[in-house]
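Colleague: Need a 3D model of the following:
(one chain, ligands or ions: 1)
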Amino acid sequence: MNALEQQLSYPMGEALPPGGRAIDVAPGVRWLRMPLPFALDHINLWLVRDAGDAVAGWAIVDCGVASDATRQAWGEVFESSLDGLPVQRLIVTHMHPDHMGLAAWLTKRWDVRLWISATDWNAARMASASTTGFGGHAAAAFMASHGLTDPESLEKIRRRSNYYASMVPEVPTQFRRLMHGDVLRIGDHDWACHAGYGHAPEHISLYCAALNTLISGDMVLPRISTNISVIDIEPEANPLPLFLNSLDAMRALPADTLVLPSHGRPFRGLHTRIDQLQAHHQERLADVLAACAQAPQSAAALLPVLFKRQLDLHQTTFAMGEAVAHVHALWFDGRLTREKGADGVFRFAAV
Ligand SMILES: [Zn+2]
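Modeller: As a prediction, the model looks like this:
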């Protein structure tokens, strides 16, 4: 949780959209929430007033996970919050299950196109058809190589082989590509695509200058820090500098931008939040470096250094990914060296 949250302002106050109904957050932009089956129990989704083929309608941004509860909530939103107008396109910020889950269902329901980065569309297609990165034997072997050796946890990770597909059973077979710098005309306004890296393969945030509003997806969240993980399919990845550089690029947007995040509440204070996140990761990097100066450390051994709270298995797998991301940032920077022990575990030592 963000201890400096009071430095941000929440223009909507404590207001939250009730279940099954969207509320206005900016002219032509509506906010709705869907339940999630995690400790993080909700995702924010957005409706943007559109005008495809000169006919009024809506663009949907992000989907929620594939579940009966989400489908039912969408049904209620269609009744209550579209002013009787059709959905005209679906935009998905990135491939993670809470954003991508119902994309196939929504595009079929309304006969509309999915708009997404090509990288994330491909990654979603693969993940929904296999076990890449989210469980199974390869994920367990990767975690073990970073020191997670508890047999019970490894067995659970091995068995969690359809994790992504359970929440994203189907990905649309066709899409329209979004790239950094593209400008989408949605209804009366232009929205510029900002690519962000380090969290998802190629995350797209949308900024509207006329409304001074940013749909930030998971790249900028007010309360929690975005998950930055190394996963088994790219074991030498270095996502943390990618994320921090992407955040810095968002400083080009006005400081008083209204930020619409995927989790938490709409807020102002974009530059402040970027400063907080930069400082947060610099502190963690310093903690990791200090621990590795005492003795060589595996990523698993660093979990208590990075996470003060008790972690369940789901959180441990995310935390392992984060720990590897932090040691890799220092390793690629030449401040840590990496050595594989006789036990097959990577340990990192300060130079
Ligand atoms: Zn995400």
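Colleague: Quick check: residues of the stretch 51-200 of the chain near the ion?
Modeller: Within reach of the ion by CB under 5 Å from the ion, the stretch 51-200 of the chain has these residues: residue 96. In this view, the C-beta of every residue, glycine as well, is placed from N, C-alpha and C.
Colleague: Show me the strands in the stretch 51-200 of the chain, by range?
Modeller: 57-61, 87-91, 113-116, 176-177, 183-186, 189-196 (DSSP state E, counting those that start in this stretch).
Colleague: Make TSV out of those strands and add mean neighbour count.
Modeller: Shown next, in TSV, are the strands of the stretch 51-200 of the chain (neighbours: other CB atoms under 10 Å):
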stretch	mean neighbour count
strand 57-61	25
strand 87-91	23
strand 113-116	22
strand 176-177	12
strand 183-186	17
strand 189-196	20
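Colleague: would TSV of those strands with distance to residue 266 be doable?
Modeller: Below are those laid out as TSV (distance: least, CB to CB, whole Å):
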stretch	distance to residue 266
strand 57-61	13
strand 87-91	18
strand 113-116	22
strand 176-177	27
strand 183-186	18
strand 189-196	16
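Colleague: export those to CSV and tack on distance to residue 269 and mean pLDDT?
Modeller: Formatted as CSV, the strands of the stretch 51-200 of the chain follow (distance: least, CB to CB, whole Å; pLDDT from 0 to 100):
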stretch, distance to residue 269, mean pLDDT
strand 57-61, 21, 98
strand 87-91, 25, 98
strand 113-116, 28, 98
strand 176-177, 32, 98
strand 183-186, 25, 98
strand 189-196, 18, 98
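Colleague: Quick check: which ranges of the stretch 1-150 of the chain have low pLDDT?
Modeller: Filtered on pLDDT under 70, the stretch 1-150 of the chain yields the residue ranges 131-134.
Colleague: Nearest residue to the closest residue to the ion within it in space, please, no chain neighbours.
Modeller: For the stretch 1-150 of the chain, the nearest residue to the ion under the criterion CB to the ion is residue 96, separated by 3.5 Å. The shortest distance from residue 96 to any non-neighbouring residue, by CB to CB, 6 or more residues apart in numbering, is to residue 200 (6.1 Å).
Colleague: For residue 105, give its distance to residue 90.
Modeller: Here the distance between residue 105 and residue 90 works out to 10 Å (CB to CB, to the nearest Å).
Colleague: OK, contacts around the closest residue to the ion within the stretch 151-300 of the chain?
Modeller: Nearest to the ion in the stretch 151-300 of the chain, going by CB to the ion, is residue 218, at a distance of 3.8 Å. Counting by CB atoms under 8 Å, 6 or more residues apart in numbering, residue 218 makes contact with 93-94, 96, 99, 199-200, 203, 226-227, 261-263.
Colleague: These in helices, which ones?
Modeller: Under the assignment DSSP state H, the contacts of residue 218 contribute residue 99 to helices.
Colleague: will you turn the contacts of residue 218 into JSON lines that also has neighbour count?
Modeller: Rendered in JSON lines, the data for those read as follows (neighbours: other CB under 10 Å):
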{"residue": "93", "neighbour count": "28"}
{"residue": "94", "neighbour count": "26"}
{"residue": "96", "neighbour count": "27"}
{"residue": "99", "neighbour count": "27"}
{"residue": "199", "neighbour count": "21"}
{"residue": "200", "neighbour count": "25"}
{"residue": "203", "neighbour count": "26"}
{"residue": "226", "neighbour count": "23"}
{"residue": "227", "neighbour count": "19"}
{"residue": "261", "neighbour count": "24"}
{"residue": "262", "neighbour count": "25"}
{"residue": "263", "neighbour count": "19"}
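Colleague: Reformat the contacts of residue 218 into a markdown table and put distance to residue 271 next to each item.
Modeller: Formatted as a markdown table, these follow (distance: CB to CB, whole Å):
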| residue | distance to residue 271 |
| --- | --- |
| 93 | 21 |
| 94 | 23 |
| 96 | 26 |
| 99 | 25 |
| 199 | 19 |
| 200 | 23 |
| 203 | 19 |
| 226 | 16 |
| 227 | 22 |
| 261 | 15 |
| 262 | 20 |
| 263 | 20 |
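Colleague: which bits of the stretch 201-350 of the chain sit near the ion?
Modeller: When proximity is defined by CB under 5 Å from the ion, the stretch 201-350 of the chain lies next to the ion at residue 218.
Colleague: show me where the stretch 201-350 of the chain has strands.
Modeller: In order along the chain, the stretch 201-350 of the chain carries the following strands (DSSP E, counting those that start in this stretch): 203-208, 213-217, 258-261, 267-268, 336-340, 346-350.
Colleague: Now find how far off-centre the last one is within its chain.
Modeller: Which is strand 346-350. Between the centre of strand 346-350 and the centre of its chain there are 28 Å (CA atoms, centre = their mean, to the nearest Å).
Colleague: List the buried residues in that strand.
Modeller: Buried residues in strand 346-350, counted by 16 or more other CB atoms under 10 Å: 346-348, 350.
Colleague: Output that strand in PDB with nothing but the alpha carbons.
Modeller: Extracted in PDB, the C-alpha atoms of strand 346-350 (Å, rounded to 0.1, in the frame of the first residue of the first chain):
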ATOM      1  CA  PHE A 346      21.200 -18.600  -8.800                       C
ATOM      2  CA  ARG A 347      22.700 -16.400  -6.100                       C
ATOM      3  CA  PHE A 348      23.600 -12.700  -6.500                       C
ATOM      4  CA  ALA A 349      26.500 -11.000  -4.800                       C
ATOM      5  CA  ALA A 350      27.500  -7.300  -4.600                       C
END
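Colleague: what packs against that strand?
Modeller: Contact partners of strand 346-350 among helices and strands, from 3 or more CB pairs under 8 Å, 6 or more residues apart in numbering; DSSP states H and E: helix 270-294, helix 313-332, strand 336-340.
Colleague: No more questions from me, cheers.
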